[in-house]
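> Coordinates for the following, if possible.
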Amino acid sequence: MLNADTILPLLKDIENERIERTTSKDAKEKFGQAICAFANDIMNTGVPGYLFIGANDDGSLSGLKYTDALQKDLAGMRSEGNILPQPVMQVYKVALPEGDVAVVEVQPSKLPPVRFHGRIWIRVGARKAIANEEEERILMERREFNTPNFESEPCFSATLEDLDTDLFRSTLLPAMVDAKEIKKDKRPIEVQMASLGLFYLPYNCPTNAGILLIGKNPTRFIPSASIQYVQFEGMTKGTKVLNERLFKNNLLTELHNLEQFAEFTLERKRPELVTGFRDTNFIGYPHNATRELLMNICQHRAYNGSNSPAHVYEYADRLEFDNTGNLYGKARPENFPTETDYRNPLISSVMRALGYVNRFGMGIGLVADELKSNGNPPAEYIFTEPSSFKVIVKSADPYVKPIGTDAGTQDETHVETQDGTHPKSIREQRQARLIDLIHRHPTYTMEEMAGEMGISRTTVYRLIKSMNGKVKYRGDQYHGEWTVIEG
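All right, here's what the predicted structure looks like:
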C-alpha cells in the first residue's frame, strides 16, 4: 500500500505499463479497462499496477476530495461481474497537501486472461489496448502454468456456503490428514480446505475440485458434473427405455452410490437352468469390472470438456461407457494402457485415500482380468474421437433380444412356405427342429442342441420353457435324457 512518501515518485514518473492517471471521478468504463490491463500484466512484471484518480498527466493533483461514495464505487468494480476473473485489488486514499488521490492498486492475476465486458485489455507502454491473438495466447499459457489443471482453478461464482463442510470434516479430511494433525489444527475451515486444494484463498472461493468433491449442488457450477445411465430394451437407442438414472451429487456421495449401482444393477445376475433339476446364477457383467469403469469416469474425465454428462448406456447385449476427454498427457493410443497420466490429480488422490482406487494405473488390468474370469469378451476401448473416450463391454450372457425389441426377435417373424400358405413363425420352426433332434439324440446336452441348431444355449432353454412341459428331462446332472410328451 502506498503512502504520501512512496506515491510521489510514481506521480512524477511518466505513464507506463504500471501507472495510469486521471482526473475523472465517474469514468467507470475507463477505470475498468485500466484495472483489467493491470491484472493481465502482459509484461509479466509481477508487481502491482496503479490507477491514480485525482492526478493530471504531468503528475500534479486536481484537488480531489475523497468521499465514501467514490470509494464504494471503485471497490464495487471488483465484484459487480464486469471484470472476470475477479481482480485482486485494493482501493484507498492517499492525502497530500494539494489534494487527495484515490488509489486503485491491482495485483497481477494468476488466472489471465482477465476480461472487462468480455474483452482482454493490456498495457502497451503508456496506453491501453485490446490484446491480439498472440498476446491472448501468452496470457493463456501463463494461466496454464499457474493452474495446470481445471480442478485447481477457483470457481469464482461459488462461496463457502456452496460446500458441504460437514462432509468435509467427517469424511474427506480424516481420509487425507492424520488424526493427530487434525486435532492440533485450529485454523479456519477455509484454510484447512485450501491446504487440500479445495479452496482458493486469494479469491475467497472454492476450487473446481472443491465443488466436484464436496459441493452441495455441483452441476449448478459445473454442468457436466453428472453421469447419466439409460437402459434400452434392444440394441439401439431407438428402442424402449427400460430404466434411467442420473448421478449428479458431489463425488464423495456418488462414488458410494456408483459402487452399489455396479453390484446391484449392472451385474445382471440371473438364474439359468443347468439340468432339469438345478439352476445356477449367471452374471452378465462382473461388478468389479463395471465398478472400475465407473470409477475411471469420475477420476479421468474432462469436467470442462462440455456441458454434457458422462453416459452409461445399457443395451440388450452390451454396456457402453462414454466419457468426455480423451487420453491425457503421456497416455497415447500407441502406449495405452501401459502408460498412464492424470488429468485430475487431486480428485485421483482423494479417491485413492478413500479406497475407491486401490492402485494408480492398475484399473485397466483389473477390468481385463475380471471380464476374462467371467467369460466376457475383452473390453473394447475407443479413443478415435478427439473429445471423448468410450469403452464397450459385451455381455457374457449369449442374449437374444426379447419380443418387441428392435431386432424384432425373429422368434415371432412369420415365414411363408413355398406355396405361400400356412405361415409358420421361426419359433415354431425351431420347436419342430428341437423335437426332431430330441427324437434322434435324446441324451444331448443343451450345449450340443445349441451347436446342432446353430443357436445359443440360452435360446434352447427359452424354447424348452415356451413348450409348456412338452419336453421333459429325466435323470441326474450327468446321466439322463430328454423326452417329448405327445398329445
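> switch to C-alpha atoms for all contacts and neighbour counts from now on
OK.
> Where does pLDDT dip in the stretch 351-487 of the chain?
Within the stretch 351-487 of the chain, the segments meeting pLDDT under 70 span 359-361, 398-425, 476-479, 487.
> Against Tyr285, how distant is Ile455?
21 Å (C-alpha to C-alpha, to the nearest Å).
> Those two - which one has more neighbours?
Set Ile455 next to Tyr285 and count neighbours by other C-alpha atoms under 10 Å: Tyr285 wins out with 27 against 15.
> residue contacts, the more buried one?
Tyr285 makes contacts with Leu266, Glu267, Arg268, Leu371, Asn374, Asn376, Ser395, Ala396, as judged by C-alpha atoms under 8 Å, 6 or more residues apart in numbering.
> Tell me the helices and strands packed up against the strand or helix carrying Val460.
Element membership for Val460, per DSSP states H and E: helix 457-466. When contacts are defined as 3 or more C-alpha pairs under 8 Å, 6 or more residues apart in numbering; DSSP states H and E, helix 457-466 packs onto helix 426-440, helix 446-453.
> one step back: could I get the contacts of Tyr285 as JSON lines with distance to Pro85 and secondary structure?
Converted to JSON lines, the contacts of Tyr285 look like this (distance: C-alpha to C-alpha, whole Å; DSSP: H, G, I helix; E, B strand; the rest coil):
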{"residue": "Leu266", "distance to Pro85": "42", "secondary structure": "helix"}
{"residue": "Glu267", "distance to Pro85": "45", "secondary structure": "coil"}
{"residue": "Arg268", "distance to Pro85": "48", "secondary structure": "coil"}
{"residue": "Leu371", "distance to Pro85": "47", "secondary structure": "helix"}
{"residue": "Asn374", "distance to Pro85": "51", "secondary structure": "helix"}
{"residue": "Asn376", "distance to Pro85": "49", "secondary structure": "coil"}
{"residue": "Ser395", "distance to Pro85": "48", "secondary structure": "coil"}
{"residue": "Ala396", "distance to Pro85": "51", "secondary structure": "coil"}
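> Ser456 and Glu448, how far apart?
10 Å.
> higher neighbour count, the two?
Using other C-alpha under 10 Å, the more surrounded residue of Ser456 and Glu448 is Ser456, with 18 against 13.
> quick one, phi psi at that one?
phi -80, psi 160 (degrees, to the nearest 10).
> Contacts only, for the nearest residue to it once chain neighbours are set aside.
Using C-alpha to C-alpha, 6 or more residues apart in numbering and skipping residues adjacent in sequence, the residue nearest Ser456 is Ala450, 5.4 Å away. Contacts for Ala450 were tallied using C-alpha under 8 Å, 6+ apart; they are Ser456, Arg457, Thr459, Val460.
> neighbour-wise, which of the residues you listed leads?
Busiest of those [other C-alpha under 10 Å] is Arg457, holding 21 neighbours.
> My read is that that residue contacts Met446, right?
Yes: in terms of C-alpha atoms under 8 Å, Arg457 counts as a neighbour of Met446; the distance is 5.9 Å.
> give the contact list for Pro206.
By C-alpha under 8 Å, 6+ apart, the neighbours of Pro206 are Pro154, Cys155, Phe156, Ala158, Thr159, Leu160, Leu163, Leu198, Phe199, Tyr200.
> where's the fourth one relative to Val350, distance?
Distance, Ala158 to Val350, by C-alpha to C-alpha: 21 Å.
> ok, now the first one?
In this view, Pro154 and Val350 are 18 Å apart by C-alpha to C-alpha.
> who has more neighbours, the two?
More crowded of Pro154 and Val350, by other C-alpha under 10 Å: Pro154, with 26 against 21.
> Got the phi and psi for the more buried one?
Here is the backbone geometry of Pro154 (degrees, to the nearest 10): phi -70, psi 140.
> hang on, Ile364 is in a helix, isn't it?
Yes: assessed by DSSP: H, G, I helix; E, B strand; the rest coil, Ile364 belongs to a helix.
> Next one: it from Val391, what distance?
Note on Ile364: its distance to Val391, by C-alpha to C-alpha, is 11 Å.
> Equivalent analysis for Asp178, please.
37 Å.
> Looking at these two, which one has more neighbours?
Neighbour count, other C-alpha under 10 Å: between Asp178 and Val391, Val391 has more, with 16 against 10.
> what's that one in contact with, if anything?
Residues Glu320, Phe321, Asp322, Ala379, Glu380, Tyr381, Ile382 are the ones in contact with Val391 under the rule C-alpha under 8 Å, 6+ apart.
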